[in-house]
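Asker: Turn this into a model:
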Amino acid sequence: MTARQGGTGPRSGAAPRRAAAALPAFLLLYGALYAAYGTESAYLPAFFQAHALPVQSIGTVLAAGTVVRILAGPAAGRLADRLGARRGVLAAAAGLSGLVGTAYLGAYGLLPLLAVCLAHSAVTAPLAPLCDALAVPAAAGPRGFRYGWVRGAGSAAFVGGTLASGQLVDRFGLACIIVASSALFLLMAPCAARVAAPAEPEGDRTEPAAGSAGAAGSSGGSGAFGRLLAIPAYRTLLVVVSLVIGSHALNDAFAVITWRDAGYDGTVVSLLWSESVVAEVLVFFLLGPWLIDRLGAAGAASLSAAAGMLRWGVMGATSALPALVAVQSLHGLTFALLHLAAMRVIGAAVPDRLSATAQSVYGTFALGTASAVLTFASGYLYGAVGLRAFWAMAALCAMALPFARGLAAEAPAGPKPRENG
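Answerer: Residues are numbered from 1 along each chain as shown. As a prediction, this is how the structure comes out:
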């Protein structure tokens, strides 16, 4: 395996040129995806309220959408693997995301908004995992682009979309966020059809040979999930990311509340939040690939867990501004670096024909479930002990540390495995 993000790829002289030529298409794809997320996410609850949804029902509708995403993401990823059509499924999901999203404009009240939210959640669920399933192998090669470049561009586009949505809402009203995000999702469809997809599998229609990783299950969906969980490195990775990235749930829900209670005004709160996003982008673009090359996936995951212990430990002890400024910069390690390590493990350990399924299980089911459970628990924790609830998140990162170290023994260092059959 090379030092580049993801698994092995073609080594011919044409391959690096194809990878380099593929970079602009992937940048546009990720930019459209995350700009759409950023444009819509911040103002969607306010849009619901403006469309006659009672305040007490907003959380119910959003939670229902989360449940649908957790279930729909892996199913769509499995479909893409079975058909050998990651680009096709991604393009279809992106087009449907844009079309279904426009239905929000005519939906008023609980049942219509709930119906649209469930449908929209189902079609948007596989977008990010399928993008990653295409980008990770395309980034492989001696001179291929870094996966962190396209994912960092996505984070920057999310910030840009969030900032633009505020300006749009002030000038044109809340409906414009639906129009803008739907247009961006629609833009993804032709982009998805044009990105490079090296070594696209032909599909997963054959039975695995006896004694292979898939012998215990059929080539159907349940068998595929079983084969994934039979890969030690992938199984361990799910534990690590669920604990470390899941530990961000308390921060996402209560950090701003904590800072405001400490007396900081909106400008300070915005700067603290922006600092974490800037750190994320810098790690994706610059520091993360360098650390992955030198520490490997296991070392990077261990560093991410240790950084989480420090970050949440400090936030549980003090709200002093110098301490908050110092630990907000750790977001690049606690999230972005671990995501890069996850892409390295998936690219190296998971067979090509299961990569879309693996990305979807990782990105929607594992992280979605962990986030939902820990967000629910965070409310009770914060209500009971206040600021010290962050220490529980530090404990989760401490629990992840031995598993992260175990990736060193479980993640293969050689070429990507291939299934029999």
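Asker: What's the mean pLDDT across stretch 398-407?
Answerer: When pLDDT is averaged over stretch 398-407, the result is 95.
Asker: correction: stretch 272-282
Answerer: Stretch 272-282 comes out at a mean pLDDT of 92.
Asker: just stretch 340-349 next, same as before
Answerer: For stretch 340-349, the per-residue pLDDT averages 94.
Asker: so what are the domain limits for this structure?
Answerer: The chain breaks down into these domains under automatic domain parsing: 14-196, 215-412.
Asker: Format those domains as TSV; extra columns: mean neighbour count.
Answerer: For every residue, glycine as well, the C-beta is placed using N, CA and C. Converted to TSV, those look like this (neighbours: other CB atoms under 10 Å):
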stretch	mean neighbour count
domain 14-196	20
domain 215-412	20
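Asker: so where is the chain shaky, pLDDT-wise?
Answerer: Applying pLDDT under 70 to the chain flags residues 1-21, 141-144, 197-222, 410-421.
Asker: could you dump the host helix or strand of Val268 to PDB, C-alpha only?
Answerer: Using DSSP states H and E, Val268 maps to helix 266-282. Extracted in PDB, the C-alpha atoms of helix 266-282 (Å, rounded to 0.1, in the frame of the first residue of the first chain):
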ATOM      1  CA  GLY A 266     -22.200  36.100  20.100                       C
ATOM      2  CA  THR A 267     -18.900  37.200  18.500                       C
ATOM      3  CA  VAL A 268     -16.800  35.200  20.800                       C
ATOM      4  CA  VAL A 269     -19.000  32.100  20.400                       C
ATOM      5  CA  SER A 270     -18.900  32.400  16.600                       C
ATOM      6  CA  LEU A 271     -15.100  32.800  16.600                       C
ATOM      7  CA  LEU A 272     -14.700  29.700  18.800                       C
ATOM      8  CA  TRP A 273     -16.900  27.700  16.600                       C
ATOM      9  CA  SER A 274     -15.200  29.000  13.500                       C
ATOM     10  CA  GLU A 275     -11.800  28.100  15.000                       C
ATOM     11  CA  SER A 276     -12.800  24.400  15.100                       C
ATOM     12  CA  VAL A 277     -13.900  24.400  11.500                       C
ATOM     13  CA  VAL A 278     -10.700  26.100  10.300                       C
ATOM     14  CA  ALA A 279      -8.700  23.500  12.200                       C
ATOM     15  CA  GLU A 280     -10.700  20.700  10.500                       C
ATOM     16  CA  VAL A 281     -10.000  22.200   7.100                       C
ATOM     17  CA  LEU A 282      -6.300  22.600   7.800                       C
END
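Asker: got the angle for the next helix or strand after that helix vs helix 266-282?
Answerer: Next helix or strand after helix 266-282 toward the C-terminus (DSSP H and E): helix 288-315. Here helix 288-315 runs at an angle of 150 degrees relative to helix 266-282 (axes from the mean of the first three to the mean of the last three CA atoms, to 10 degrees).
Asker: Which elements pack onto the helix or strand following helix 288-315?
Answerer: Toward the C-terminus, helix 288-315 is succeeded by helix 321-328 as the next helix or strand (DSSP H and E). When contacts are defined as 3 or more CB pairs under 8 Å, 6 or more residues apart in numbering; DSSP states H and E, helix 321-328 packs onto helix 266-282, helix 288-315.
Asker: Does anything pack onto the shortest one? Which helices or strands?
Answerer: Helix 266-282 sits against helix 147-172, helix 248-261, helix 321-328, helix 331, with contacts defined as 3+ CB pairs under 8 Å, 6+ apart.
Asker: Moving along the chain from the shortest one, name the first helix or strand you hit.
Answerer: Same thing as helix 331. Counting by DSSP H and E, what follows helix 331 is helix 338-349.
Asker: now the angle from that following helix to helix 288-315?
Answerer: Using the same axes, to 10 degrees, helix 338-349 lies at 130 degrees relative to helix 288-315.
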